[in-house]
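Q: got a predicted model here, sequence first, then my questions.
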Amino acid sequence: MDSTMLRTTVCIAGGGPAGLMLGLLLARRGVEVVVLEKHADFLRDFRGDTVHPSTQQVLDELGLADRFAELPYQRVDRAETMIDGRPLTLADFGALRTPYPYIAMVPQWDLLNLLAEEAARYPGFRLLHRAEATGLITSGGRVTGVTVRRPDQDQPLEVHAALTVAADGRHSTLRRAAELPSREFGAAFDVLWFRVSRTEVDQLSALGLRVAKGTAYVVVPRNTYWQVARIIDKGTAADLLGGDIAALHQDFRTAVPELADRIGEVTGWDRTSVLEVRIDRLRRWHRPGLLCLGDAAHAMSPVGGVGINLAVQDAVAAANLLTPALLDHQRTGSPVDDHVLAAVQRRRGWPTKITQLLQRAVQRFGVERALRGGLSSSPVPGLLMPPIRRLLSRVIGLGVRPEHVRH
Ligand SMILES: Cc1cc2nc3c(=O)[nH]c(=O)nc-3n(C[C@H](O)[C@H](O)[C@H](O)COP(=O)(O)OP(=O)(O)OC[C@H]3O[C@@H](n4cnc5c(N)ncnc54)[C@H](O)[C@@H]3O)c2cc1C
């Protein structure tokens with residue numbers, strides 16, 4: 001093999017939930033796959049850590065339920081909010097009819113390592129770390145592979161493939177290179193991310209949204225700490241970080257009084273990170289030889305923590321629809337027809353639209369009002385809450401269209 005050139009059936013850019021799940025699903029059905037991941041490992045703090053009931057079901061269908069259960073996880077049965085001191089249960093996953101009626105909070109690197117280890121059992125699977133997809137190779141209008149930068153190698157690499165998949169997340173390089181038309185939906189907020197320690201006697205147990213006096217926090221239980229997201233108005237991060245950390249301490253104490261004694265652990269802004277939130281969606285997820293999946297096709301807001309689940313569901317649907325054409329390519333050399341790629345978008349397009357519509361509604365009527373100090377729990381009449389709760393439990397827990405692994 002020429003060290004600067006690699007040939008495979010499918011080249012996937014991005015070793016996140018979408019890319020690794022797709023790589024595993026294809027490899028176990030005999031398709032040759034190369035996954036490119038630009039980082040050296042999966043250890044990054046910014047990743048969401050929610051593994052939803054439907055993703056756990058997929059892991060079960062893959063025979064990975066026992067190994068998943070061995071990972072360190074916290075079980076979240078409900079999503080709750082406290083608005084100006086008044087509690088409200090937003091979602092109750094225990095009421096869902098599913099073998100896994102809870103969200104498992106698992107460090108995402110553990111989940112990704114599990115997928116990568118399982119995929120590595122199949123001879124057709126290759127994962128290259130520190131391999132960044134930088135552009136598309138095309139021939140006669142068709143995408144035939146990607147160019148790759150590897151910091152440890154002098155020469156750039158070319159990976160040639162019958163199908164290239166962009167699963168490189170919300171700042172996707174390949175999607176930009178493909179010039180596919182997209183729709184941007186403004187996100188009104190970004191997130192300031194930090195953690196405070198957790199003790200065994202903490203009273204909080206559920207994933208919680210806390211709103212008080214124009215500030216909003218999401219508090220997520222983890223093994224030895226609380227992951228905290230302070231919702232901030234878009235574009236205000238620089239002002240916030242230029243100010244005194246004591247202001248953050250003060251409003252955290254008001255919004256989350258149970259953890260007031262811990263906020264002093266955040267001694268400076270260097271203990272926090274700002275994460276950019278965006279919502280967008282490609283109008284067309286594909287062009288000949290290329291398919292976009294997960295956040296590369298539709299960047300998800302953190303609202304509801306559903307982006308990982310959606311990325312996994314995209315991967316399952318794509319593997320189910322694409323495998324016959326890919327195996328056919330391996331047997332006969334026939335190209336992967338564009339209509340198979342269009343079928344993936346048809347199947348996953350409308351669940352994505354509905355999920356983003358709900359995220360934007362929560363953003364508009366919940367988050368933006370909370371940031372203006374205009375949100376109260378009273379406008380939701382008691383009678384309306386049970387059906388709203390059932391809807392949220394289902395959409396958050398299972399997704400709009402759960403997918404199942406085809407064997
Ligand atoms: C602040 C914030 C919090 C969130 N919290 C949650 C949550 O709790 N739960 C949830 O479900 N969702 C959450 N989300 C959404 C979630 O992160 C995404 O929807 C989900 O990760 C999408 O998965 P993906 O595989 O498509 O992309 P990603 O998870 O972004 O994975 C893309 C992968 O590609 C790699 N990569 C990028 N560019 C290249 C390249 N050029 N070449 C090679 N590799 C590349 C990256 O290193 C990464 O590993 C959150 C989003 C934000 C902004």
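A: Looks like it came in fine.
Q: show the backbone phi and psi for G289.
A: With angles defined as degrees, to the nearest 10, G289 sits at phi 90, psi 0.
Q: assign the residue in the stretch 101-250 of the chain positioned nearest to the ligand to helix, strand or coil.
A: Residue nearest to the ligand within the stretch 101-250 of the chain: G169 (2.7 Å; C-beta to the nearest ligand atom). In short, each C-beta sits where N, CA and C put it, glycine included. Recorded secondary structure, G169: coil (DSSP: H, G, I helix; E, B strand; the rest coil).
Q: please look at V33 and A27 and confirm they touch.
A: Yes. The pair V33 and A27 qualifies as a contact (C-beta atoms under 8 Å) at a distance of 5.2 Å.
Q: which of those two has more residues huddled nearby?
A: Using other C-beta atoms under 10 Å as the criterion, V33 and A27 rank with V33 on top: 26 against 23.
Q: avg pLDDT for stretch 365-383?
A: For stretch 365-383, mean pLDDT rounds to 65.
Q: and the residue of the stretch 101-250 of the chain closest to the ligand, how many neighbours does it have?
A: Counted by other C-beta under 10 Å, the residues lying close to G169 total 21.
Q: next up, the contacts around it.
A: G169 makes contact with G14, G16, G294, D295, A296, according to C-beta atoms under 8 Å, 6 or more residues apart in numbering.
Q: quick check: the second one vs H171, distance?
A: Counting by C-beta to C-beta, to the nearest Å, the separation of G16 from H171 is 12 Å.
Q: who's more crowded, these two?
A: Taking other C-beta under 10 Å, G16 and H171 do not tie; G16 has more neighbours (26 against 12).
Q: dump the residue contacts of the more buried one.
A: Residues in contact with G16 (C-beta under 8 Å, 6+ apart) are R47, L112, A167, D168, G169, G294, D295, A311.
Q: again with V143
A: Applying C-beta under 8 Å, 6+ apart, one finds that V143 lies in contact with L136, I137, T164, A178, R287, P288, G289, L290.
Q: out of those, grab the one that's most surrounded.
A: L290 (28 neighbours).
Q: OK, contacts around it?
A: Neighbouring residues of L290 by C-beta under 8 Å, 6+ apart: L136, V143, L163, T164, V165, A166, L174, A178, L341.
Q: can you check R170 too?
A: For R170, the contact set (C-beta under 8 Å, 6+ apart) comprises R278, D280, D295, A296, A299, M300.
Q: burial check on L43, number of neighbours?
A: Neighbour count of L43, defined by other C-beta under 10 Å: 13.
Q: hang on, L90 packs against L391?
A: No. Taking C-beta under 8 Å as the definition, L90 is not a contact partner of L391, at 10.3 Å.
Q: quick one, which of the contacts of G169 are buried?
A: G14, G16, G294, D295, A296 (16 or more other C-beta atoms under 10 Å).
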